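Novice: Okay, predicted coordinates and the sequence, questions at the end:
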Amino acid sequence: MMKTSASAKIPLTRRAFLRASTSAAAAFTILPGRMRGGVRQLSANDKLNIAGIGIGAQGSANIATLASENIVALCDVDHGYTARTIAKYPDAKLYVDYRKMLEKQKDIDAVVVATPDHTHAVITLAAMQAGKHVYCQKPLCHDVHEARTLTQAARESKVCTQMGIQGHSGEGLRLITEWIADGAIGEVREVDAYCSLTYYPWGHASWSSKWGRRPADTPPLPDKLNWDLWLGPAPERAYHPAYHPRVWRCWWDFGNGMMGDRGAHTLDSAVTALKLGPPTSIEATSSDLNPDTHPISSVITFRFPARGNLPPVKLTWYEGTRAPRPVELEDGRRMPEQGGIIFKGSKGCLMAGVYGEGARLIPESKMQGYNRPEKSMPRVVGTHEKEWVDAAKAGRKANAGFEYSGPLTEICLLGNVAKRVDARIEWDAANLAITNLPEANQYIRPEYRNGWTI
């Protein structure tokens, strides 16, 4: 198979990480001049020539929001599963292998990557190296080394990047950031975030509930599925409907579990509002830990150091369960049902949903008495996908580019490493290393299958 390549080790200093994670407002900075280096120069009235890579459920939805642009190519390893999406764009050229598409079709300006997590990085990096703007679904990648690699590649690239965390374009994140900066709840030293959903029975759906571990039977391949390409860099295993379609996210080899699925959304507002850089330690306690599937539930505690004049932060992530109910929340008032975030300040609390929606000070009497500050962060008009398109045309950075979303993803993936070892790990961000539990470093950069590299 054709290989892609990048530098083997990409160090990141704490100062550089903090610069990448400062605030959503910084992500709107206009680049000097227009993007160069082989990238087609566009005006606001031009249309992007977009290719979809991974056009199943989520990919189809992303492409639909961009239908006002030119959808010129569609690429998926399973043309049977994605037949409905293919039928919607009869003029788009079809591909199975993204590498052949990037090599053959030179009119592509941008790609939308919505494949399973384990193939995000190899596809995304190849597209960037080919000079394509990239919108990649969350979480950005599958392991910490990949996150670091894509972050640096974005810094050096002339293309416009965006991760699919739609809350980053929403009003809630901006209100949270502005209110905390205004001192609405005082000094924040503790945050609780949660997703009450679970993958049990593994894969969310009845067709996987009878397996819980790796299935031993080998049913025949669907007619139009290229299983070798679906596996990509993941370890070799036989096809099974327990993995594809849709139920891959609960398997360690393919998905990032709830920490990557919902955590990438929910921790977004904390990283932005509190200017969080890399954690110094991460500790996890999980139920039903096994080598094949993500646990039914976990509690993960991240410790972040002081940042400038901001104090250290303890952030606790609960998955498969809810965070403890804040004492400030009035009787009869519900916490967000499927997930949310609670900022605990020295003068009060702020609670919001998964994407920062419904942000309110609690109790409600405090919200009603709060004199809101003037809006200081740029607002997004339209969808998160359109914000990326507009940025690409304007020659600026998108608001959730990989320089921001790479470090955010790295935090989530460190949580997964702590889950796998069910222990406390101490993190040396500059050297990309766990210092207290050397055997855990195997999860920082897992080995790729032969023929694949990054």
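Specialist: Right, received. Where do you want to start? Bear in mind the structure is a predicted one, so any value in this text is a computation, not a measurement.

Novice: Can you tell me the SS state at residue 318?
Specialist: State at residue 318, reduced to three classes by DSSP: H, G, I helix; E, B strand; the rest coil: strand.

Novice: That one - nearest residue in space that isn't next to it in sequence?
Specialist: residue 194 (3.9 Å; CB to CB, 6 or more residues apart in numbering). All C-beta spots, glycine's among them, are computed from the backbone N, C-alpha and C.

Novice: Show me the beta-bridge partners of that neighbour.
Specialist: Counting by DSSP bridges, residue 194 is bridged to residue 318, residue 340.

Novice: Not counting its neighbours along the chain, what's nearest residue 417?
Specialist: Leaving aside its chain neighbours, residue 417 sits nearest to residue 443 (4.6 Å; criterion: CB to CB, 6+ apart).

Novice: tell me the phi and psi of that neighbour?
Specialist: phi -90, psi -10 (degrees, to the nearest 10).

Novice: gap between it and residue 413?
Specialist: 9 Å (CB to CB, to the nearest Å).

Novice: More neighbours: these two, which one.
Specialist: Comparing residue 443 with residue 413 by other CB atoms under 10 Å, the one with more neighbours is residue 413, at 28 against 21.

Novice: who's in contact with the more buried one?
Specialist: The contact partners of residue 413, by CB atoms under 8 Å, 6 or more residues apart in numbering, come to 139, 141, 142, 143, 144, 147, 256, 259, 260.

Novice: hang on, the fourth one packs against residue 446?
Specialist: Think residue 143. Yes. Using CB atoms under 8 Å, residue 143 makes contact with residue 446 at a distance of 5.7 Å.

Novice: hmm, who's touching stretch 73-93?
Specialist: Under CB under 8 Å, 6+ apart, the answer for stretch 73-93 is 51-56, 59-60, 63-64, 71-72, 94-98, 101, 105, 108, 222-227, 229-230, 244-245.

Novice: if you set the cut-off to 7 Å instead, what comes out?
Specialist: Residues from elsewhere that reach stretch 73-93, judged by CB atoms under 7 Å, 6 or more residues apart in numbering: 51-56, 60, 71-72, 94-96, 98, 101, 105, 108, 222-226, 229-230, 245.

Novice: from those residues, which would you call buried?
Specialist: 51-56, 60, 71-72, 95, 98, 101, 108, 225, 229-230, 245 (16 or more other CB atoms under 10 Å).

Novice: quick one, helices of this structure?
Specialist: Per DSSP state H, the chain carries helices over the ranges 14-20, 57-65, 83-88, 98-104, 120-129, 144-156, 171-181, 227-231, 257-261, 263-266, 268-273, 364-368, 384-394, 402-421.

Novice: Pull out the buried positions in the second one.
Specialist: Read that as helix 57-65. By 16+ other CB under 10 Å, the buried positions in helix 57-65 come out as 58, 59, 60, 62, 63, 65.

Novice: I'd like those residues written out as JSON lines, with pLDDT and distance to residue 386 added.
Specialist: As requested, these are exported to JSON lines (pLDDT from 0 to 100; distance: CB to CB, whole Å):
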{"residue": "58", "pLDDT": "93", "distance to residue 386": "17"}
{"residue": "59", "pLDDT": "95", "distance to residue 386": "17"}
{"residue": "60", "pLDDT": "96", "distance to residue 386": "17"}
{"residue": "62", "pLDDT": "96", "distance to residue 386": "11"}
{"residue": "63", "pLDDT": "96", "distance to residue 386": "13"}
{"residue": "65", "pLDDT": "95", "distance to residue 386": "7"}
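
Novice: Tell me the spacing between residue 257 and residue 326.
Specialist: 26 Å.

Novice: between the two, who's got more neighbours?
Specialist: residue 257 (27 against 17).

Novice: Find me whatever residue is spatially closest to that one, sequence neighbours aside.
Specialist: Excluding the flanking residues, the one nearest residue 257 by CB to CB, 6+ apart is residue 294, at 3.4 Å.

Novice: dump the residue contacts of the one you found.
Specialist: Going by CB under 7 Å, 6+ apart, residue 294 touches 199, 250, 252, 257.

Novice: now the stretch 351-454 of the chain, which segments are flagged as low pLDDT?
Specialist: For the stretch 351-454 of the chain, no stretch is flagged by pLDDT under 70.

Novice: Name the spans of the chain whose pLDDT lies under the cut-off.
Specialist: 1-38, 200-212.

Novice: If we use 80, what do you get?
Specialist: Per-residue confidence for the chain (pLDDT under 80) gives these ranges: 1-38, 199-213, 288.

Novice: As a quick check, tell me the outermost residue of it.
Specialist: Going by CA atoms, centre = their mean, the residue of the chain most distant from its centre is residue 369, 35.7 Å out.

Novice: gap between that one and residue 348?
Specialist: For residue 369 relative to residue 348 (CB to CB), the value is 11 Å.

Novice: what does residue 172 give?
Specialist: Here the criterion is CB to CB. By it, residue 172 lies 18 Å from residue 348.

Novice: what do you get for residue 90?
Specialist: As judged by CB to CB, residue 90 and residue 348 stand 56 Å apart.

Novice: what's the answer for residue 234, then?
Specialist: Distance of residue 234 to residue 348, given as CB to CB: 46 Å.

Novice: Name the residue in the two with the higher neighbour count.
Specialist: The neighbour comparison of residue 234 against residue 348 (other CB under 10 Å) goes to residue 234, with 22 against 18.

Novice: Double-check the more buried one against residue 251; I have them as touching.
Specialist: No. Between residue 234 and residue 251 there is no contact, the gap being 9.1 Å when judged by CB atoms under 7 Å.

Novice: got a list of what the nearest residue to residue 166 once chain neighbours are set aside touches?
Specialist: Among residues not flanking residue 166 along the chain, residue 384 sits closest, at 4.2 Å (CB to CB, 6+ apart). By CB under 7 Å, 6+ apart, residue 384 lies in contact with 164, 166, 168, 169.

Novice: and of these, the nearest to residue 281?
Specialist: Nearest to residue 281 among the contacts of residue 384: residue 168, at 26.2 Å, using CB to CB.

Novice: okay but the closest one is in contact with residue 399, surely?
Specialist: Yes. At 5.8 Å, residue 168 counts as touching residue 399 under the criterion of CB under 7 Å.

Novice: Comparing those two, which shows the higher neighbour count?
Specialist: Neighbours per residue (other CB under 10 Å) separate residue 168 from residue 399, with residue 168 holding more: 30 against 25.

Novice: hang on, residue 300 packs against residue 420?
Specialist: No. Residue 300 lies out of contact with residue 420 (CB under 7 Å); the separation is 11.3 Å.

Novice: So which of these two has more stuff around it?
Specialist: The neighbour count for residue 300 versus residue 420, taken as other CB under 10 Å, is higher for residue 300 (23 against 19).

Novice: The more buried one and residue 327, how far apart?
Specialist: To residue 327, residue 300 is 23 Å away according to CB to CB.

Novice: For residue 385, give me its contacts.
Specialist: Residue 385 touches 62, 65, 66, 135, counting by CB under 7 Å, 6+ apart.

Novice: Cheers, nothing more for now.
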